[in-house]
Each structure stands twice: as structure tokens, then as C-alpha cells.
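Novice: coords below, sequence missing:
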């Protein structure tokens with residue numbers, strides 16, 4: 001089938017929404033937002049309210065679908081992404097630090113260039129080449145200082161080079177460590193098994209990319225899931241098994257790790273406050289269990 005739909009003016013877009021049954025209390029308000037938020041971007045938020053198109057007509061909306069509610073959900077999702085990015089930043093910086101600190105003390109300042117410390121030599125070579133590219137184009141102060149001051153080795157030590165790693169690259173370096181004891185040592189302060197940390201780092205790489213591209217997070221089914229830990233029991237009980245690939249489980253793991261990385265952080269409270277500010281948001285679509293507010297992790301978060 002050939003695509004033949006014409007572009008629509010903003011007024012025509014509003015007309016389509018009204019014709020399909022959406023309540024638009026203020027046409028001017030709708031026009032203002034559609035001028036700056038793509039119609040098809042907003043469609044991801046009203047899509048659950050659409051009913052199947054008839055053989056002869058357009059998609060229609062369920063009764064009660066309101067443009068202002070769609071904007072509220074869109075605003076919630078934007079704030080949620082910012083909160084998630086805030087937490088991911090702290091996890092990423094912490095994991096970089098652990099990776100560099102443990103391996104530098106065990107094997108030396110530049111041991112990351114030695115393929116003997118990694119399981120897959122081809123992957124190590126690719127990661128090292130990527131790291132070298134980042135170093136060559138970097139204008140960070142410490143990079144400029146190293147280039148000016150030292151001729152050998154070519155690349156900075158662990159504690160400098162780790163600052164050039166993307167989360168995706170960091171995840172690959174961690175996964176590829178040959179000695180499981182190294183992964184265990186890196187994971188130890190977080191109170192989780194190294195396999196759990198490896199899985200979560202891979203998962204967060206995906207989540208971070210979703211947030212960085214301003215994509216919908218609210219009811220997304222994650223392409224890359226996370227491995228649910230089997231201990232401690234207090235943490236295991238917080239995860240949702242009904243919808244394991246929704247954002248709720250990511251939030252649980254982030255909240256748990258932040259207790260170690262940033263003790264006393266108000267991150268959980270900010271998240272609980274965000275949920276309170278947007279009561280119309282369907283928490284179940286995020287994977288939240290019905291009793292989530294009574295569970296210890298979030299009940300404590302609402303108070304701190």
C-alpha cells in the first residue's frame with residue numbers, strides 16, 4: 001500500500017482529534033502545544049485510548065478522552081525521564097569509579113590495555129579501539145594535560161580513561177572481565193551479585209538511550225530487561241513479576257542502589273511526589289503493583 005496521507009495544518013490536526021471524540025476544552029491551548037510537540041509524539045500517549053478503526057472510518061477515542069489529560073501524562077513522562085536520568089548518572093559515575101579503582105589496584109594503572117584480563121579478545125580490541133577514538137577527539141582538561149605531559153603509555157591510566165567511557169562501553173568492559181572475582185569485587189559495595197549488576201548495567205544502557213532521545217518511558221515494554229535478584233529478600237519482594245519489563249522494576253533497582261551510592265538522597269521522595277502530582281497517570285501501565293505505596297521501599301521514600 002502506498003502512503004498517501006497529506007500533511008495537516010495545526011487547525012486540521014485539532015479538527016481530527018475532535019472529530020474522533022477527544023475533548024478539547026481550549027482550541028488555542030491545543031494549537032499552542034501542537035505547534036511545539038509533534039502530533040505523532042503526543043499520539044503515543046493517547047494511543048491506549050483509541051478504539052480500533054471501523055472498516056470505513058477513522059480511529060475513535062474512548063469516551064472521556066481529554067486533551068488536557070494527555071498533556072498531563074506527557075508532562076509526567078518528561079519529569080519521570082529527568083528523574084531516571086538523574087539516578088542513572090549517579091549509578092554510572094559510581095560504576096566507572098569502582099571499575100577503575102578495583103582493576104588499577106589489582107593489575108596496575110594501564111592494565112585495561114592488556115587483553116589477558118578479558119574473556120573475549122575480539123571484544124576487548126573493539127572496546128579499546130572505541131576508547132582510543134574517544135581519547136583522540138576529547139578536549140577534556142585532563143586529556144589535554146596527559147597529551148602535553150606524557151608520551152608513554154599512549155592512553156591515560158584507569159582513573160582518567162574511565163571518565164571517557166559511555167555507559168554502554170562501561171557495561172561491555174565490565175561484562176568482559178575474565179576473572180569473576182574482579183566483577184564480584186566491583187559489585188560488592190552495592191550488595192548485589194555480580195551477575196545482577198552486569199544485567200542491570202546492560203539494561204540501564206538501554207533505558208538511558210530511551211531517556212536521552214526523549215522517548216516515552218511511562219508504559220514502555222523494555223526491549224532489554226533486567227535480571228531480578230534472588231537476595232536480599234527485602235529487595236526481591238519489591239519487584240513486579242506480572243509486568244517485569246516495565247519501568248517499575250528499573251525504579252526499584254535504582255532506588256536500592258542509590259541508598260548505597262547517595263545515602264540520604266531525596267530521590268525516592270521526588271519520585272513519590274511526582275506520582276502524587278499526577279494522580280490520573282495509570283501506574284499499573286508502568287508495572288507498579290496495586291499496593292506499591294504500602295511496600296517498604298516506596299513507603300519509606302514518601303517520608304524521606
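Specialist: Ah, there it is. Because the structure is predicted, anything quoted here is derived from the model rather than measured.
Novice: can we go C-alpha only for contacts and neighbour counts from here?
Specialist: Fine.
Novice: tell me the helix or strand right after the helix or strand containing residue 196.
Specialist: Using DSSP states H and E, residue 196 maps to helix 194-212. Sequence-wise, the next helix or strand downstream of helix 194-212 (DSSP H and E) is helix 233-236.
Novice: run a quick neighbour tally on the nearest residue to residue 113 once chain neighbours are set aside.
Specialist: Leaving aside its chain neighbours, residue 113 sits nearest to residue 128 (7.0 Å; criterion: CA to CA, 6 or more residues apart in numbering). Burial of residue 128 is recorded as 18 neighbouring residues (other CA atoms under 10 Å).
Novice: the helix or strand containing residue 128: which residues count as buried?
Specialist: In this assignment (DSSP H and E), residue 128 forms part of helix 121-137. Of the residues in helix 121-137, 124, 127-128, 131-132, 135 count as buried by neighbour count, 16 or more other CA atoms under 10 Å.
Novice: next: stretch 19-26.
Specialist: Quick answer for stretch 19-26 (16+ other CA under 10 Å): 20-24.
Novice: start to end distance for that stretch?
Specialist: The separation between the terminal residues of stretch 19-26, taken as CA to CA, to the nearest Å, is 15 Å.
Novice: how far does it sit from its chain's centre?
Specialist: In this view, stretch 19-26 has its centroid 33 Å away from the chain centroid, taken as CA atoms, centre = their mean, to the nearest Å.
Novice: what does that stretch contact?
Specialist: Contacts with stretch 19-26, where a contact means CA atoms under 8 Å, 6 or more residues apart in numbering, come from 18, 30, 58-68.
Novice: can you do 10 Å?
Specialist: The contact list for stretch 19-26 (CA atoms under 10 Å, 6 or more residues apart in numbering) reads 13-18, 30, 32, 46, 49-51, 57-69.
Novice: of these, which belong to helices?
Specialist: Counting by DSSP state H, the contacts of stretch 19-26 place 13-18, 30, 32, 46, 67-69 in helices.
Novice: ok, so of those, who is nearest residue 145?
Specialist: residue 32 (49.0 Å; CA to CA).
Novice: where's that closest one relative to residue 110, distance?
Specialist: In terms of CA to CA, residue 32 sits 55 Å off from residue 110.
Novice: using the record's assignment, carve this structure into domains.
Specialist: 10-51+59-65, 73-301 (automatic domain parsing).
Novice: relative to residue 3, which of those is closest?
Specialist: Taking CA to CA, domain 10-51+59-65 is the member of the domains of the chain nearest to residue 3, at 15.8 Å.
Novice: so which residues of the stretch 1-150 of the chain form strands?
Specialist: In the stretch 1-150 of the chain, the strands defined using DSSP state E, counting those that start in this stretch lie at 50-51, 60-61.
Novice: any weak-confidence spans in the chain?
Specialist: Applying pLDDT under 70 to the chain flags the ranges 53-57, 301-304.
Novice: quick test: name the residue nearest the centre of it.
Specialist: Using CA atoms, centre = their mean, the residue of the chain that lies closest to the mean C-alpha position is residue 207, 2.7 Å off.
Novice: and it, what does it touch?
Specialist: 81, 84-85, 88, 201, 215, 217, 222-225, 247, 250.
Novice: with neighbour count and distance to residue 282 added, can I get the residues you listed in CSV?
Specialist: CSV is the format used below for the contacts of residue 207 (neighbours: other CA atoms under 10 Å; distance: CA to CA, whole Å):
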residue, neighbour count, distance to residue 282
81, 21, 16
84, 21, 18
85, 19, 21
88, 21, 23
201, 24, 27
215, 16, 18
217, 21, 13
222, 17, 17
223, 11, 21
224, 15, 22
225, 20, 21
247, 23, 13
250, 23, 17
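Novice: report the two of those residues separated the most.
Specialist: Put simply, by CA to CA the two of the contacts of residue 207 set farthest apart are 201 and 215, 19.5 Å from each other.
Novice: pretty sure residue 34 sits against residue 17.
Specialist: No. Residue 34 is beyond contact range of residue 17, at 11.5 Å (criterion: CA atoms under 10 Å).
Novice: show the buried residues in the contacts of stretch 19-26.
Specialist: The neighbour-count test (16+ other CA under 10 Å) marks 13-18, 30, 46, 49-50, 59-61, 65-69 as buried among the contacts of stretch 19-26.
Novice: run the chain-centre distance for the helix or strand where residue 185 lies.
Specialist: Using DSSP H and E, residue 185 sits in helix 180-187. In this view, helix 180-187 has its centroid 24 Å away from the chain centroid, taken as CA atoms, centre = their mean.
Novice: residue 240 - how many residues pack around it?
Specialist: 18.
Novice: who touches residue 48 in this structure?
Specialist: 61-62, 219 are the contacts of residue 48 under CA under 10 Å, 6+ apart.
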